[in-house]
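Enquirer: All I have is the shape, not the residue letters:
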């Protein structure tokens, strides 16, 4: 199925572009000129999440932001399982299609593992790594494992599929100030039905189910990308990726790193601190 929604050009003043992958049609934006920067979203968001960062950077960078299959304006193809392995395969095709060289990669939430899975396969083409409120190793925090099990349970799967629980509850809970009605509508409108939300419902299961891929990344990211210059932009009030358990491992993986703490930002750092993130990227890589 395809999504019938036209974003408000006042909020999302970008040209929609499309890539026909082997599994379905991927929507993306490609704005500005300069060094390429690929922006990877998480759950239950889409390229819209990065709108203010793109506006802040497109005079200096070529900002590329895809919507994964099952998210945003991309297709919900029959027969697609929405596993992280499948997403990484499709998005690897996407990066190859654009023939990106010397690119910067930024991932948050599931955008971390997905971006790292794509980048470890193309390490010679990656210029630098930007990560915020994410991870790339098998779940090792008790609360994360519990979150995955609870969100995979029948009552919560019902809430995600039927009541759009991730959009209606977790976006407001994961932002410092509740987003405006217009912004919330842009997250809501691209997940209009249970059928459209299958990708959103699968991702919390994948925290545990994607362990083979995450174990691979735990080995490959340090080995293949660990020498790259890195930037960490971290929402210090995030309930999901608390700085204490997560940042030491990030810092150990990428010795050549800069850490920018976002003291008031929660999980959705792109909503809470877009100007600070754009400024940090310019300072580190501009």
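Expert: Received the coordinates, thanks. This is a predicted model, so every value here is computed, not measured.
Enquirer: can you give me the strands in the stretch 51-200 of the chain?
Expert: Ranges of strands in the stretch 51-200 of the chain, per DSSP state E, counting those that start in this stretch, are 62-66, 103-109, 126-134.
Enquirer: got these as CSV, with mean pLDDT, mean neighbour count and distance to residue 241 columns?
Expert: Heads up, the C-betas are built off the backbone N, CA and C, glycines and all. Shown next, in CSV, are the strands of the stretch 51-200 of the chain (pLDDT from 0 to 100; neighbours: other CB atoms under 10 Å; distance: least, CB to CB, whole Å):
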stretch, mean pLDDT, mean neighbour count, distance to residue 241
strand 62-66, 99, 26, 20
strand 103-109, 98, 26, 8
strand 126-134, 98, 25, 4
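Enquirer: any chance of those strands in TSV, plus distance to residue 41?
Expert: Shown next, in TSV, are the strands of the stretch 51-200 of the chain (distance: least, CB to CB, whole Å):
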stretch	distance to residue 41
strand 62-66	7
strand 103-109	7
strand 126-134	11
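Enquirer: Contact partners for residue 116?
Expert: 107, 129, 136, 217, 220, 221, 225 (CB atoms under 8 Å, 6 or more residues apart in numbering).
Enquirer: same thing but 10 Å
Expert: Counting by CB atoms under 10 Å, 6 or more residues apart in numbering, residue 116 touches 40, 88, 105, 107, 126, 129, 131, 134-137, 213-214, 216-218, 220-221, 224-225, 253.
Enquirer: With residue 260 instead?
Expert: Neighbouring residues of residue 260 by CB under 10 Å, 6+ apart: 130, 132, 231-234, 273, 276-277, 279-281, 283-284.
Enquirer: among those, which are in strands?
Expert: 130, 132, 231, 232, 233, 234 (DSSP state E).
Enquirer: Can you give me the distance of the third one to residue 222?
Expert: By that I understand residue 231. Residue 231 sits 17 Å away from residue 222, taking CB to CB, to the nearest Å as the criterion.
Enquirer: Could you do the second one as well?
Expert: Between residue 132 and residue 222 the computed distance is 19 Å (CB to CB).
Enquirer: Mind pulling up the pLDDT for the residue most central in space within the chain?
Expert: Against the mean C-alpha coordinate of the chain, by CA atoms, centre = their mean, the closest residue is residue 41 at 2.1 Å. Looking at residue 41, its pLDDT stands at 98.
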